[in-house]
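*Asks:* Next comes the sequence, and after it the predicted model I'd like to discuss.
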Amino acid sequence: MASLIVVFAESGALAASPVLSPENTRNLRTLEMAPMLFEYHRQTVGDERQFFTYPRRDTTFRKQFQSTEGNALLYYDNVLGASLSGHGNDYRCEANDTACIARVKDLYAKDPRFGIAASLVGGMDYRGGETLGDTIWPGMDGGLYVRGFADSVDFVLDARIYSEGHSAESPRSWDREFLEIQKEENNSGVEYTSYARYRTHFAFNHDWLRLDFGRDVMHWGPGYYNNLTLNQFALPYNMMSLDLVIGPFRVMSFYADLRIFNNSMSDKNKDDRNVFGHRYELAVGNATFGVSELQVQYDNLKPWLFIPTAPLFMEKGNYSESTNNGSLSFDFNYRIENMARVYTEFFLDDMESPISLVKNDNIEAKWAWMAGLQAGHDFFVGNHRIEAGTIVEYARVEPYVYSHFVENTAQIANLGYPLGNQGGPNSRTVDWTLYGRLDGHIFAGLHNTWFWKGTDYGSAINDTTPLRNHMKIHKKFLDGAKMQYTLSPALSYEGQFVSFMGELSLIDDKKVYLRAGFKW
C-alpha cells in the first residue's frame, strides 16, 4: 500500500541566525553575497516600520527553525528530537491512516521550546589587490556555525581557522585584522599564515527588552555604505547592548571594548579604550527619525554611561577632556510608495558654536554629512522572482573628524580604523550600485566608487588637535586630492549548501576576490 512521507525539513537557510547582523565582507563569509543590502531592500519595498539599528533580533528565526535548520549536520529540538544531516526523524504514515497524518501535522504545529543546530562551514579563496600589495592563494578557512535558542535565550557562533599562502615577502592582512606569520624552522624555513576569526551573539529576550553580549560591529543609520557614527565595515569588537522597542520607539544602548593599535597582540594595547553609545529611533508611517551619540574613553571607564537615559553629550562635560571624546548625529529616512527611500545623516564631532560650522574655516568645526537614495522593486517573470534595485550615496567627512588631542588615546576608532565612515577624516565618497537577485540564489551587482582622500595634516585618525587655542588652526578640505574611481562587477550563486562568489575591482584600485564556500 502506498505511504505518505512527511519530511522533517523542506529546505535549508543559507545562514539562518537569531540576529540580523551587518555584513562580513572581508572574512567569515557565509553563502550570501550581500545579506544586509537585501535587508535594506526589504525595508525599501516593504510596508512595515523602518528601523536602522543593527545588530538586532530576527524574530522569524524561532518560527522557521524546524524548516530552515533541519538539514544541518547536527540538529535537535524538544519536539521533533535529533537528526543527522536531516535524517533520523522523517515521519511516515499510510496514505489512508488519517489518525497518523493528523498526529504528524499536530507535531509539526508545535513550537519547540529549545533547539540547536550545528554546521560545518568554510571555503577556499583567491584574493589580491594593488593597494594591498599581495596575492593570497590558496586562502582556506573552516570551522563551526552554531545557532539555537532555549526559552528566552538565543545564540549564534561562527568560528573559523584560516590558513593562507601569500606572494608578498611580507604578508599583508586582507581583512585588516592581525595576521600571524608561522615559520617551520625544521621544514626548510617554509612560511605561512594562520589565524582565527569569530563573531558571536548570546542574548536574553523579555517582551520589549533584549540584552545581548557579542563580538560584532554596530551599524547605525539608514545608509548602507557610508553611515557616519557606527559603520558595518569597521573592524569587529567585543560588546554588550540593550535594545528596547516600545511601539514606534526604539532605544539601543551599547558598550564596546576597543583596541588602539592594529596589532591586537601588542603590549601597547594594555591601555584601555572603550566606547559607549546610545541610539534613539522614532518610526512613524514611512518616516524614521534617528539620533545617535557616542562617548569614547581612554583609561577612564565609566559604566554609568551604559544607562540609556543618560545623555552622553551632557555627560562628556563631567570628565577630563583629554581622556574622552564624544559625537552626536541626526539622521532621517523617508520611504516613497514602497519603491524608494531617501535619507541623510549629519555627524557632529566638535564645534565652537553654530557660527563656526557656517564659517567652516578652522578645525573647531569637525563634522560630516551623508545623503543617499535607494530604489527597488520585486517582480516575477514566469515563476521566477527577481529582486532588483539601485543605491547611491554621497559622504563628506571634514578634516580631524574622529581624531583627538593626543594620539593613540580617545580616537573614535578600533585597531587604527574609524568606527564610522571608512574613508576617515578629510575624505569624500560617492557610491553607486545596481543590484539584482534571481530566486534568492543568483546575485549580480555593479558597484561604482568615486573617492577623494586628503593628504594634509588632519587626514589621519592619529593627527592630533592641540587642546588649547585649537580653533585658530586653519583646515583644508581635499586640498589637491586626486579622485580614485573603481568599477566593481560582482556575481554569485548562493545555494543551500554551497556558494560561488566573484568580485573584480577595476581601473584605479584593482582587486580580485574569488570564493567557493560551503555550509553543511
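*Replies:* Perfect, I can see it now.

*Asks:* Confirm that F61 sits in a strand.
*Replies:* No. F61 is assigned helix when assessed by DSSP: H, G, I helix; E, B strand; the rest coil, not a strand.

*Asks:* which regions of this protein sit below the pLDDT cut-off?
*Replies:* Low-confidence segments of the chain, defined by pLDDT under 70: 1-15, 86-93, 104-105, 107-109, 183-191, 353, 466-472.

*Asks:* Where do the helices of it begin and end?
*Replies:* Ranges of helices in the chain, per DSSP state H, are 35-45, 60-63, 65-69, 98-109, 312-315, 354-359.

*Asks:* Point out the most buried one among these.
*Replies:* Highest mean neighbour count among these (mean count of other C-beta atoms under 10 Å): helix 65-69, with a mean of 21. No exception for glycine: its C-beta is placed from N, CA and C like everyone else's.

*Asks:* returning to what we had before: distance to I136 added to the helices of the chain, as TSV?
*Replies:* Formatted as TSV, those follow (distance: least, C-beta to C-beta, whole Å):
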stretch	distance to I136
helix 35-45	23
helix 60-63	33
helix 65-69	32
helix 98-109	45
helix 312-315	40
helix 354-359	44
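
*Asks:* Nearest approach to S492 belongs to which of those?
*Replies:* helix 35-45 (11.6 Å; C-beta to C-beta).

*Asks:* Distance from the chain centre to that closest one, please.
*Replies:* In terms of C-alpha atoms, centre = their mean, to the nearest Å, the centre of helix 35-45 is set 13 Å apart from its chain centre.

*Asks:* Identify the residues contacting that helix?
*Replies:* Residues outside helix 35-45 that contact it (C-beta atoms under 8 Å, 6 or more residues apart in numbering): 15, 20-23, 50, 52, 54, 219, 224, 232, 335, 338-341, 374-378, 387, 389, 391, 433, 435, 437.

*Asks:* if you set the cut-off to 7 Å instead, what comes out?
*Replies:* Residues from elsewhere that reach helix 35-45, judged by C-beta atoms under 7 Å, 6 or more residues apart in numbering: 20, 22-23, 50, 224, 232, 335, 338-341, 374, 376-378, 387, 389, 435, 437.

*Asks:* Are any of the residues you listed buried, and if so which?
*Replies:* The neighbour count (16 or more other C-beta atoms under 10 Å) marks 20, 22-23, 50, 224, 232, 335, 340-341, 374, 376, 387, 389, 435, 437 as buried among those.

*Asks:* one step back: can you tell which of the helices of the chain is closest to L491?
*Replies:* For those, the distance to L491 is smallest for helix 35-45, at 14.5 Å, taking C-beta to C-beta.

*Asks:* Can you show me the CA trace of that closest one as CSV?
*Replies:* Once non-C-alpha atoms are left out, helix 35-45 reads as follows in CSV (Å, rounded to 0.1, in the frame of the first residue of the first chain):
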residue,chain,number,x,y,z
PRO,A,35,22.6,40.0,3.0
MET,A,36,22.5,43.5,4.6
LEU,A,37,21.9,45.0,1.1
PHE,A,38,18.8,42.9,0.8
GLU,A,39,17.7,43.7,4.3
TYR,A,40,17.7,47.4,3.3
HIS,A,41,16.0,46.4,0.0
ARG,A,42,13.3,44.7,2.1
GLN,A,43,12.8,47.9,4.1
THR,A,44,12.6,49.9,0.9
VAL,A,45,9.9,47.9,-0.8
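
*Asks:* rewinding a little: among the buried ones among the contacts of helix 35-45, list the two that are farthest apart in space.
*Replies:* P22 and A340 (22.7 Å).

*Asks:* State the distance from G445 to K519.
*Replies:* Going from G445 to K519 by C-beta to C-beta, to the nearest Å gives 21 Å.

*Asks:* Which one's more surrounded, those two?
*Replies:* The neighbour comparison of G445 against K519 (other C-beta atoms under 10 Å) goes to K519, with 25 against 19.

*Asks:* Surely the more buried one and L144 touch.
*Replies:* No. Assessed by C-beta atoms under 7 Å, K519 is found out of contact with L144, at 10.6 Å.

*Asks:* so what sits against both of these two?
*Replies:* V121.

*Asks:* E293: how many residues sit nearby?
*Replies:* The local packing of E293 (other C-beta under 10 Å) involves 21 other residues.

*Asks:* Likewise for the one 5 residues further on?
*Replies:* The number of residues packed near Y298 is 22, by other C-beta under 10 Å.

*Asks:* thinking again about what came up before, what about the buried ones among the contacts of helix 35-45, which are in strands?
*Replies:* Within those, residues falling in strands by DSSP state E are 20, 335, 340-341, 374, 376, 387, 389, 435, 437.

*Asks:* would JSON lines of those with distance to A203 be doable?
*Replies:* Formatted as JSON lines, these follow (distance: C-beta to C-beta, whole Å):
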{"residue": "L20", "distance to A203": "12"}
{"residue": "R335", "distance to A203": "28"}
{"residue": "A340", "distance to A203": "33"}
{"residue": "R341", "distance to A203": "28"}
{"residue": "Q374", "distance to A203": "29"}
{"residue": "G376", "distance to A203": "30"}
{"residue": "E387", "distance to A203": "29"}
{"residue": "G389", "distance to A203": "30"}
{"residue": "Y435", "distance to A203": "30"}
{"residue": "R437", "distance to A203": "29"}
